[in-house]
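no sequence for this one, just the structure:
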């Protein structure tokens, strides 16, 4: 059973470009979470999605950031018009149910560098 | 709102010594508590978790943690450190079964010297 797969592992974008980060959850998992990790900081919750639905996006910046988890295919975190402050590691996690019921399995992350 | 405070951003121990990583939480409802470990350029791996029941929780790699409601703490311990334990450790809390997210502390980097 493959783990949570994130791609790309490393992504370099120029200021103003778009970044698309992909996350394929573990088989059988329908709950996906996105987190951002800045240097010297812990992981900050961004958004929680179930298939085709955004359940909690309280951690998402109001502008330029969006997330989706379609019926088919991976979850996508999209950052439009990237700025240097978007440089961070972005982690995806998946679970078979709400995080409180069990373990959330994390991917290895996508490290975004904005130049 | 929930929050997690990890005391000490860096902890250094000698191989074979006791490891103690501190975590205090704030939650308005009975919390679920977690410890994760992160190795360089890797994702997070669950060490252990507390949901309900026994307050002393044993995890992988010889780690354990004790939930102390009166102290709002969930400190992580290991009797004897190994070089391979060097990593970053994160404490996290969720709002029990109703929680929709894990709230993480800022992490503690553990260094182990020979």
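Perfect, thanks for sending it. Source: prediction; values computed, not measured.

Okay, now the sheet partners of the helix or strand where residue B:109 lies, with direction.
For residue B:109, the host element (DSSP states H and E) is strand B:108-113. Note on strand B:108-113: by DSSP bridges, its sheet partners are strand B:10-14 (parallel), strand B:87-94 (antiparallel).

which sections of chain B are below the confidence cut-off?
B:96-99 (pLDDT under 70).

nearest residue to the residue nearest the centre of it other than its sequence neighbours?
A centroid search over chain B (Cα atoms, centre = their mean) returns residue B:35, at 3.4 Å, as the residue closest to the centre. Distances taken as Cβ to Cβ, 6 or more residues apart in numbering or on different chains place residue B:47 nearest to residue B:35, at 4.3 Å, with adjacent residues excluded. Where you see a C-beta, it was placed from the backbone N, CA and C, and this is true even at glycine.

so which strand or helix has that neighbour?
strand B:44-50.

can I get the strands paired with strand B:108-113 in a markdown table with mean neighbour count and distance to residue B:26?
Below are the strands paired with strand B:108-113 laid out as a markdown table (neighbours: other Cβ atoms under 10 Å in any protein chain shown; distance: least, Cβ to Cβ, whole Å):
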| stretch | mean neighbour count | distance to residue B:26 |
| --- | --- | --- |
| strand B:10-14 | 14 | 22 |
| strand B:87-94 | 24 | 8 |
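
what does chain B put close to chain A?
Taking Cβ under 8 Å from any Cβ of the partner chain as the contact definition, chain B meets chain A at B:4, B:6, B:9, B:32, B:36, B:41-46, B:49, B:51, B:90, B:94-107.

before we move on, back to that, contacts for the strand holding residue B:47 next, please.
A:43, A:91, A:93, A:103-106, B:32-39, B:57-61, B:63-65, B:67, B:74, B:76, B:89-90 (Cβ atoms under 8 Å, 6 or more residues apart in numbering or on different chains).

Kindly report the same for stretch B:55-67.
For stretch B:55-67, using Cβ under 8 Å, 6+ apart, the contacting residues are B:19, B:23, B:33, B:35, B:46-50, B:68-69, B:73-80, B:85.

Can you get me the start-to-end distance on it?
Length of stretch B:55-67, first residue to last, Cα to Cα, to the nearest Å: 5 Å.

Can you tell me which residue is spatially central in chain A?
Most central in chain A (Cα atoms, centre = their mean) works out to residue A:34, at 3.5 Å.

near chain B, anything from stretch A:47-56?
Yes: Stretch A:47-56 reaches chain B (Cβ under 8 Å from any Cβ) through A:48, A:55-56.

what's near enough to touch residue A:35?
A:43-46, A:90-93, B:104.

Recalculate using a threshold of 6 Å.
A:43, A:45, A:91 (Cβ atoms under 6 Å, 6 or more residues apart in numbering or on different chains).

Please name the nearest non-neighbouring residue to it.
Going by Cβ to Cβ, 6+ apart, residue A:35 has residue A:43 as its nearest residue, at 4.1 Å.
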